[in-house]
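*Asks:* A structural model of the following input is requested.
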Amino acid sequence: MTETTTLKLLKMKQAQEKIVMVTAYDYTSAKLVAAAEVDLILVGDSLGMVMLGYSDTLAVTMEEMLHHTKAVARATKKAMVIGDLPFMSYQVSTEQAITNAGRLLQEGGAQAVKLEGGASVAPAIARITAAGIPVFGHLGFTPQSINQLGGAIFQGKTATTAQKLLEEALQLEDAGICGLVLELIPLEVAALITSRLRIPTIGIGSGLDCDGQVLVWHDFLGMDQEFHPRHAKIFAEVGSLIRQGIVAYATAVKDGSFPTIANTKILAIEEKAALEEAIGRENI
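*Replies:* Model (predicted):
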């Protein structure tokens with residue numbers, strides 16, 4: 001059983017202990033994240049862009065989410081693994097939502113699921129949690145609604161829309177969510193929602209007052225030279241180091257400095273002699 005549980009998250013909020021969530025999409029990255037002892041690992045549908053080269057999250061399938069969630073779940077025993085329910089895997093019916101949420105736990109090895117939306121998904125959340133599956137909500141900028149929202153833009157920028165976000169957050173809490181991701185919401189609005197909820201909030205671009213924070217692996221490690229979102233900070237220039245390593249490797253191969261004798265195996269003297277005798281020295 002994972003060490004990070006829904007009960008532990010509630011206690012962390014009550015103790016005002018910040019919660020750390022990081023995305024991971026494969027075994028190697030999840031192993032590194034787990035070694036850093038973060039609290040939550042999100043297998044986000046953002047894998048569509050950073051791992052599969054899609055232009056947005058809409059093309060991500062349930063099978064792709066299961067594939068990546070399985071790999072991440074194998075890498076950690078302490079952090080709670082949360083699997084994203086992809087676009088159109090929970091919107092058709094509550095039965096569909098329960099089935100796919102169950103698959104992320106039963107087949108994918110996750111301990112919780114995340115889905116986007118407010119009042120419209122509250123009935124599905126209530127049914128999923130009734131089935132014993134922990135659910136994280138997601139309000140503000142919801143990437144699966146990018147076409148409807150008009151882009152990755154801040155939500156809740158007026159008193160009216162901010163109040164609606166608060167109302168929907170309370171509805172999601174009543175439906176049974178164990179945590180709520182607040183993405184691209186003004187600082188004051190995120191602080192208000194956080195203060196009104198019993199369950200923890202996890203912010204991304206929504207300010208310091210959220211109970212925790214989440215960033216995409218590729219964003220905070222500088223893996224993409226061309227994409228630097230406002231809400232992220234580069235904590236290590238890993239992308240440039242990787243590129244330098246690839247260039248150095250390619251150069252060494254081309255100029256003959258790699259591999260050296262140290263990178264291979266030399267036959268024992270008697271074995272080399274036996275081989276020469278068997279096939280002739282001139283053939284070696």
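
*Asks:* what secondary structure does the residue nearest to Ala34 when sequence neighbours are not counted sit in?
*Replies:* Counting by C-beta to C-beta, 6 or more residues apart in numbering, the nearest residue to Ala34 once its immediate chain neighbours are dropped is Thr76, at 3.7 Å. (Glycine included, C-beta is placed from N, CA and C.) Recorded secondary structure, Thr76: coil (DSSP: H, G, I helix; E, B strand; the rest coil).

*Asks:* need the contact list for Thr76.
*Replies:* Thr76 is in contact with 2, 30-31, 33-34, 41, counting by C-beta atoms under 8 Å, 6 or more residues apart in numbering.

*Asks:* To what extent is the closest residue to Gly117 other than its chain neighbours buried, counted in neighbours?
*Replies:* In this structure, Gly117 finds its nearest non-sequential neighbour in Thr142, 6.4 Å apart by C-beta to C-beta, 6+ apart. Thr142: 19 surrounding residues under other C-beta atoms under 10 Å.

*Asks:* before we move on, what about Gly245?
*Replies:* Neighbour tally, Gly245, other C-beta under 10 Å: 10.

*Asks:* which of the contacts of Thr76 has the most neighbours?
*Replies:* For those, neighbours were counted using other C-beta under 10 Å, and Ile41 has the most, 33 neighbours in all.

*Asks:* how about that one, secondary structure?
*Replies:* At Ile41 the chain is in strand, as set by three-state DSSP.

*Asks:* Which residues does it form beta bridges with?
*Replies:* Using DSSP bridges, the bridge partners assigned to Ile41 are Val22, Val81.

*Asks:* Now do stretch 153-164: everything it contacts.
*Replies:* 118, 139-141, 149, 165, 184-186, 188-189, 192, 205.

*Asks:* Generate a PyMOL selection restricted to the buried entries among those.
*Replies:* Below is the selection syntax for PyMOL that covers the buried ones among these, with 16 or more other C-beta atoms under 10 Å defining burial:
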select buried, resi 118+139+140+141+165+184+185+186+189+192+205
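
*Asks:* where does Gly117 fall, phi/psi-wise?
*Replies:* Dihedral pair for Gly117: phi 120, psi 170, per degrees, to the nearest 10.

*Asks:* Could you report the distance from it to Tyr249?
*Replies:* According to C-beta to C-beta, to the nearest Å, Gly117 and Tyr249 sit 45 Å apart.
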